[in-house]
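Chemist: Test case, fold it:
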Amino acid sequence: MPALQSLVLTDRAATPVNYTLTPRDVKDGTGLVVHSAGVPVGEKKLTVSMRKSGSKYKGKLTLSIPVVVDQTVNGVVTPIVARTAYATLEVQFDNTSTTQERTNLIGMLASGLATNKVLVHSAFVDLEGVYGS
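Modeler: This next block holds a predicted model:
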């Protein structure tokens with residue numbers, strides 16, 4: 001069982017930026033790490049969990065990345081969240097699955113998210129629909 005720990009995530013900006021998400025809380029077996037600029041509004045958040053349900057293991061990872069803008073009301077400037085991008089990944093493994101099977105699935109998924117995988121990249125990043133032959 002992994003301990004809640006800091007996690008460094010790198011974006012895909014022209015000059016990549018590393019974001020260190022630090023431990024915040026564990027509640028009901030779900031770990032939360034956050035990247036904060038000192039104000040809770042606009043924190044980048046990642047949660048991770050793994051649960052056993054019958055003969056299956058079910059894992060879930062969520063990432064939320066808000067965009068913060070300054071709002072001025074009556075001369076007072078406050079940060080607000082303008083929009084938030086969300087990603088959720090769920091995995092399910094049978095209790096008879098091997099470590100190698102689980103490793104392969106996660107590796108193939110990570111590979112499928114690479115920028116050179118046009119099907120996924122164009123759909124998710126370029127917001128294009130998928131069509132068939």
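
Chemist: Residue 100 should be in a strand, yeah?
Modeler: No: counting by DSSP: H, G, I helix; E, B strand; the rest coil, residue 100 falls outside a strand, being helix.

Chemist: And it, how far from residue 106?
Modeler: Going from residue 100 to residue 106 by Cβ to Cβ, to the nearest Å gives 11 Å. The C-beta positions use only the backbone N, C-alpha and C, and glycine is treated the same way.

Chemist: Quick check on those two: which one has the bigger neighbour count.
Modeler: residue 106 (13 against 8; other Cβ atoms under 10 Å).

Chemist: which phi and psi does that one have?
Modeler: The phi and psi torsions at residue 106 (degrees, to the nearest 10) take the values phi -70, psi -40.

Chemist: Once you drop chain neighbours, what's closest to it?
Modeler: Spatial nearest neighbour of residue 106, chain neighbours left out: residue 91 (7.4 Å); criterion: Cβ to Cβ, 6 or more residues apart in numbering.

Chemist: burial of the one you found, as a residue count?
Modeler: By other Cβ under 10 Å, 14 other residues sit near residue 91.

Chemist: The residue nearest the centre of the chain sits in which helix or strand?
Modeler: Nearest to the geometric centre of the chain sits residue 63, at 2.7 Å (Cα atoms, centre = their mean). Taking DSSP states H and E as the criterion, residue 63 maps to strand 56-73.

Chemist: list the buried ones in that strand?
Modeler: For strand 56-73, burial by neighbour count (16 or more other Cβ atoms under 10 Å) applies to 57, 62-66, 68.

Chemist: One more: stretch 21-29?
Modeler: So for stretch 21-29, counting by 16+ other Cβ under 10 Å, buried means 21, 24.

Chemist: Output that stretch as CSV - backbone C-alpha positions only.
Modeler: C-alpha atoms of stretch 21-29 as CSV (Å, rounded to 0.1, in the frame of the first residue of the first chain):
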residue,chain,number,x,y,z
LEU,A,21,1.4,18.1,-5.9
THR,A,22,1.8,17.7,-2.2
PRO,A,23,-0.2,15.5,0.2
ARG,A,24,-3.4,17.1,1.5
ASP,A,25,-5.6,14.3,2.9
VAL,A,26,-6.6,10.6,2.8
LYS,A,27,-10.3,10.0,3.2
ASP,A,28,-12.1,6.6,2.8
GLY,A,29,-9.0,5.2,1.1
